[in-house]
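J.: Show me the folded form of this:
(chains A and B)
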Amino acid sequence: MSVGLVATGLGARRGGRTVFADLSFSLHPGEALLVTGPNGVGKSTLIRLCAGLLQPAAGTLDYTATPDRPPVALLAEAAALDGELPLGEALRFWARLDGRADAIDRVATALAEVDLAALSTVPVRLLSTGQRRRAALARVVASGALLWLLDEPANGLDAAATARLEVLVERHLEQGGMAIVATHLPLRLPGMRTLALGGVA
Amino acid sequence: MSGSLWPLIRRDVRRGYAGGGATLVVVFFLLVATLFPFAIGPDAALLARVGGGVIWAAALLAALMPVERLVAPDLEAGVFDQLAIRGQSLAAVAAARMLAHWLAFAPPLMLATVIAAGLLDLSAETLLLVEAGLAIGTPGLAALAVATAALTASLRGAGAIAGLVMLPLAVPLLIFGAGALSGGASALKLLAAVSLLLVAGAPFVAGAAIRAAME
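T.: Just a heads-up that it's a prediction; the model follows:
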């Protein structure tokens, strides 16, 4: 089976309510899927399904990863960075859990790429919303994962940071990566396909 | 695709001691142990007789202190999500947390027991039996604390409910731990059995509870 993500007839239920049903798409290296739609339509649910954090109520989700890269990196609402730690240290914790021998270098590079290198010694709790988002993005970049799952990555980002996000995702795709981006803000990604979730109601 | 859990254990131990967490437990433990001389009166012989049991009861109450901080903050911060997508089994994560919690909880408590023994005028043999019992019983107590924390993590007012969940389950530890003071080796063996049972079972309970709370 070739590398990629294939969803067939995917359905999700939360709290007894059908969030979406019969969703089919496929994603291959170098491709991005932009998931759009109004609030509460199941964008985050779809991201969590793809992350394996939820089980689909219907349909199947087949993901074939490459053995040389971590399969998934997730950027979600919660940053999962310890507030009392300096930013660099908080990110290195995750890089070490990823089993990266070059954790320090990877984190330093990723921080520079989201323009937070100057703040690597500042405790996470002192960061602003946008800075925290960029820090979470830096973790995704540092993971080197094959599939990026970004849930509202542009929330709280200014124009310059949004442009940087687009560049980072574009480079990830060029390197054979895949991305699923749930957003209600307009994002320009090359060669992206859009999956517009409508309310099943 | 699951790497080593050592970074996680190190982080959890650090967080256990950070922000005065371990100090709070010790101070609370000593405070409870001090309440008994006030309540019973300065009868040294009586205190020496009940002192071992007092220390066990105080240890049990002190074990409740950190429960709210063990699982809920990480659940809210998405730490378990990030661990789960890295292919870590949540039972293993819970086991790591139990070990870390034990490392942050038991050594300070056992040191404070020496002070409490002085306050209660315990004999050296009694102190030794209490310390031996705590060494055997605290892993079970730590396991119970993490499991309780996971079960109550998504509830409001978790602190009060945690006490209701945890204390009844900790009663066997109390019985055999305090029983060792008069019953000796056989009670210590039963204490070890209870502790082992809790340590073996709790990671799966906690892992399943965290998984359920994540959805």
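
J.: Spit out the contact partners of A:L27.
T.: A:4-6, A:33, A:147, A:178, A:180 (CB atoms under 8 Å, 6 or more residues apart in numbering or on different chains). (Glycine included, C-beta is placed from N, CA and C.)

J.: ok, 7 Å please
T.: A:4-5, A:33, A:178, A:180 (CB atoms under 7 Å, 6 or more residues apart in numbering or on different chains).

J.: pLDDT-wise, what's the bottom of the residues you listed?
T.: Taking the contacts of A:L27 together, the minimum pLDDT is found at A:G4 (87).

J.: show me where chain B has strands.
T.: Under the criterion DSSP state E, chain B contains no strands.

J.: Output the contacts of A:L27 in a markdown table, with distance to chain B, secondary structure and neighbour count appended to each entry.
T.: Formatted as a markdown table, the contacts of A:L27 follow (distance: CB to the nearest CB, whole Å; DSSP: H, G, I helix; E, B strand; the rest coil; neighbours: other CB atoms under 10 Å in any protein chain shown):
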| residue | distance to chain B | secondary structure | neighbour count |
| --- | --- | --- | --- |
| A:G4 | 17 | strand | 17 |
| A:L5 | 14 | strand | 22 |
| A:L33 | 18 | strand | 21 |
| A:M178 | 14 | strand | 24 |
| A:I180 | 13 | strand | 24 |
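
J.: From what I see, A:A76 and B:D81 are in contact.
T.: Yes - counting by CB atoms under 7 Å, A:A76 touches B:D81, with 6.2 Å between them.

J.: Which residue, other than its chain neighbours, is closest to B:L61?
T.: Leaving out its chain neighbours, the residue that sits closest to B:L61 by CB to CB, 6 or more residues apart in numbering or on different chains is B:V32, at 5.4 Å.

J.: where does chain B have low pLDDT?
T.: Counting by pLDDT under 70, chain B shows low-confidence ranges at B:1-3.

J.: can we see that at 50?
T.: Low-confidence segments of chain B (pLDDT under 50): B:1-2.

J.: Near chain A, which residues of it? Just list them.
T.: Within reach of chain A by CB under 7 Å from any CB of the partner chain, chain B has these residues: B:1, B:3, B:7-8, B:11, B:18, B:76-79, B:81-82, B:84-86, B:214-215.

J.: Let me see the ranges of the helices in chain A.
T.: Taking DSSP state H, the helices of chain A run over residues A:43-50, A:87-97, A:103-113, A:129-143, A:159-174.

J.: Check whether the fourth one comes near chain B.
T.: No - for a cut-off given as CB under 7 Å from any CB, helix A:129-143 has no contacts with chain B; the smallest distance is 8.1 Å.

J.: Going by neighbour count, list what's buried in that helix.
T.: Buried residues in helix A:129-143, counted by 16 or more other CB atoms under 10 Å in any protein chain shown: A:131-143.

J.: Would you mind pulling up the elements that that helix packs against?
T.: strand A:72-75, helix A:87-97, helix A:103-113, helix A:159-174 (3 or more CB pairs under 7 Å, 6 or more residues apart in numbering or on different chains; DSSP states H and E).
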